[in-house]
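**Student:** the following block contains a protein sequence and its predicted model.
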Amino acid sequence: MGHYGGVSTQTLPKPDTRPEGTDGTDDDSPKMFHYVRKNKIAESAVMGTHVVALCGEVFPVTKSAKPGSPVCPDCKKIYDGLKPGD
């Protein structure tokens, strides 16, 4: 989604998360995307296991976010409030 931007070598990145889709709409597009840990995304996509978003939503990964995709406001608030290294 391009939400990470440039990272200075003096600033630690936030936890390794990115938005992933949940429930689809009639056109098979997710209604919104949630922040989940990157290390769980591939496993979920391949094995069908569920991931837990920052907001607590549990779902299997089916779609990746594209620039401009709607992001869960609860996940975004939590992600934005995290300190580097949390």
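**Tutor:** Everything's here; your move.

**Student:** which residues of this structure fall in strands?
**Tutor:** 17-21, 33-37, 50-52, 58-60 (DSSP state E).

**Student:** and those strands, which one's lowest on average pLDDT?
**Tutor:** Here the strands of the chain differ in mean pLDDT, and the lowest is strand 17-21 at a mean of 59.

**Student:** from residue 72, how far off is residue 40?
**Tutor:** The gap separating residue 40 from residue 72 is 16 Å, by Cβ to Cβ, to the nearest Å. C-beta: built from backbone N, CA, C; applies to glycine.

**Student:** neighbour-wise, which of the two wins?
**Tutor:** residue 72 (20 against 17; other Cβ atoms under 10 Å).

**Student:** check contacts around the more buried one.
**Tutor:** Residue 72 is in contact with 19, 32-35, 53, 55, 57, counting by Cβ atoms under 8 Å, 6 or more residues apart in numbering.

**Student:** tell me how far the closest residue to it other than its chain neighbours lies from residue 82.
**Tutor:** Computed as Cβ to Cβ, 6 or more residues apart in numbering, the closest residue to residue 72 that is not its neighbour in sequence is residue 34, at 4.6 Å. From residue 34 across to residue 82, the span is 15 Å (Cβ to Cβ).

**Student:** so the two - more neighbours on which side?
**Tutor:** Applying other Cβ under 10 Å to residue 34 and residue 82 shows that residue 34 carries more neighbours, namely 28 against 13.

**Student:** can you name the residues bridging to the more buried one?
**Tutor:** Counting by DSSP bridges, residue 34 forms beta bridges with residue 20.

**Student:** confirm for me that it is in contact with residue 53.
**Tutor:** Yes - between residue 34 and residue 53 there is a contact at 3.4 Å, judged by Cβ atoms under 8 Å.

**Student:** many thanks, we can stop here.
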